[in-house]
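S.K.: Predicted model, plus sequence, below.
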Amino acid sequence: MVAAGLGYGLAQYVPGGWPVQDTSALQAALSAQQAETDSLKAQVAELAARPVAGPDSDLEARVAALADQATPDLTPLQEQIAALEKRLSAVEAMPPAGGAPSVAALAAQKAAADEVLKQAEATAAQIKADAEATAKAAERRAALGRVQAALDSGAAYASALPALGEVPPVLAESAQTGLPTLAALQDAFPSASRAALEAALRANMGENWSDRVANFLRTQTGARSLTPREGSDPDAILSRAEAALTAGDLAAALTEIATLPPEAQAALADWRALAQKRQDGVAAVAALATAIQ
């Protein structure tokens with residue numbers, strides 16, 4: 001019965017079409033042996049029930065033989081079962097006859113698909129980030145162009161600053177009004193220069209009467225040098241500053257003005273502040289352009 005049960009279980013477990021060894025002959029032999037064993041057991045029971053007539057050596061030998069036959073040698077059967085179990089383990093790891101993948105194969109395929117999906121998502125995220133960065137950079141370059149145009153026109157540029165993010169204070173402070181233009185500074189310099197020269201002359205009219213008279217007349221007429229000339233006197237310094245300004249070299253003009261006497265610098269304070277603001281603004285825009293590029 002044990003053998004019959006194992007045979008049925010294996011038939012239910014092994015998929016159709018798998019080349020499992022034919023056990024029908026083994027099952028028939030086991031069934032016949034079981035029937036013989038049952039018959040022998042019945043005979044033993046009958047003999048045991050008869051009155052004992054005395055020692056019967058022949059009977060004892062027969063009983064011993066029957067006892068030995070009642071316990072068959074199952075070693076070959078156990079070996080066959082072990083072989084079948086090994087083959088069934090192989091069946092579990094292989095796809096059925098229909099070609100469907102095993103659980104392990106499906107799990108491996110899912111893991112591979114998940115990895116591909118993960119990489120695709122990472123690539124998509126990187127592409128999106130790159131596109132956003134490119135768009136942001138383009139927006140910043142456009143905003144910078146508007147600020148650079150405002151430097152030439154003197155127009156306000158507050159609407160362009162949000163795209164630039166944090167900007168130097170000089171640009172933030174002048175965003176609503178605009179920065180002084182080079183042309184405006186050039187136009188305002190002659191009158192500022194005359195005021196500076198007059199202040200310098202009044203502070204130092206000269207050491208003799210002739211110098212004093214000449215300086216007095218200059219203060220009255222506003223006469224000054226219109227071409228650059230050498231010298232350390234205020235008129236020579238202002239002539240070189242104006243020449244540099246006309247050439248568009250605001251930095252050189254400011255450098256010359258810094259060498260004027262205090263009285264002349266005080267008279268030029270307003271113009272100098274505007275010129276310095278423009279100079280700082282130009283430098284700030286140049287720094288932003290370098291950072292954006």
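M.R.: Thanks, I have it.
S.K.: how deep is V167 tucked in, by neighbour count?
M.R.: The number of residues packed near V167 is 20, by other C-beta atoms under 10 Å. No exception for glycine: its C-beta is placed from N, CA and C like everyone else's.
S.K.: quick one, phi psi at it?
M.R.: With angles defined as degrees, to the nearest 10, V167 sits at phi -130, psi 160.
S.K.: any idea how far A125 is from it?
M.R.: Here V167 is placed at a distance of 30 Å from A125 (C-beta to C-beta, to the nearest Å).
S.K.: go on, D270?
M.R.: Look at D270 and A125: by C-beta to C-beta, they are 55 Å apart.
S.K.: and if you look at D152?
M.R.: As defined by C-beta to C-beta, D152 lies at a distance of 42 Å from A125.
S.K.: does the residue nearest to P168 when sequence neighbours are not counted belong to a helix or a strand, and which?
M.R.: Of all residues beyond its chain neighbours, the one nearest P168 is A284 (4.0 Å), with distances taken as C-beta to C-beta, 6 or more residues apart in numbering. With the criterion set as DSSP states H and E, the secondary-structure element containing A284 is helix 269-292.
S.K.: elements contacting that helix?
M.R.: The contact analysis (3 or more C-beta pairs under 8 Å, 6 or more residues apart in numbering; DSSP states H and E) places helix 269-292 against helix 103-153, helix 169-173, helix 182-203, helix 250-257.
S.K.: quick one: average confidence on the third one?
M.R.: Model confidence over helix 182-203 averages 91 on the pLDDT scale.
S.K.: In it, which residues are buried?
M.R.: Neighbour-count burial for helix 182-203, counted by 16 or more other C-beta atoms under 10 Å, picks out 182, 185, 189, 192-201.
S.K.: And the last one, by the same measure?
M.R.: Residues of helix 250-257 classed as buried under the neighbour-count rule (16+ other C-beta under 10 Å) are 250, 253-254, 256-257.
S.K.: what packs against the helix or strand that it is followed by?
M.R.: Next helix or strand after helix 250-257 toward the C-terminus (DSSP H and E): helix 262-267. With contacts defined as 3+ C-beta pairs under 8 Å, 6+ apart, the secondary structure elements packing on helix 262-267 are helix 182-203.
S.K.: mind redoing it with 10 Å?
M.R.: Packing contacts for helix 262-267, counted by 3 or more C-beta pairs under 10 Å, 6 or more residues apart in numbering; DSSP states H and E, involve helix 182-203, helix 234-246.
S.K.: among those, which is nearest D114?
M.R.: Taking C-beta to C-beta, helix 182-203 is the member of the helices and strands packed on helix 262-267 nearest to D114, at 63.3 Å.
S.K.: I'd like to check the angle between the closest one and helix 269-292, please.
M.R.: Relative orientation of helix 182-203 and helix 269-292, computed by axes from the mean of the first three to the mean of the last three C-alpha atoms, to 10 degrees: 140 degrees.
S.K.: So what angle separates the directions of helix 182-203 and helix 250-257?
M.R.: Computed by the same axes, to 10 degrees, the angle between helix 182-203 and helix 250-257 is 0 degrees.
S.K.: To A289, which of the helices and strands packed on helix 269-292 lies closest?
M.R.: When these are compared by C-beta to C-beta, helix 103-153 sits nearest A289, at 5.9 Å.
S.K.: And the pLDDT at the nearest residue to L226 once chain neighbours are set aside?
M.R.: Counting by C-beta to C-beta, 6+ apart, S239 is the residue found nearest to L226 once chain neighbours are left out, at 7.2 Å. Among the per-residue scores, S239 holds a pLDDT of 95.
S.K.: which ones are touching S239?
M.R.: S239 sits next to 193, 197, 224-231, 233, 256 when contact means C-beta atoms under 10 Å, 6 or more residues apart in numbering.
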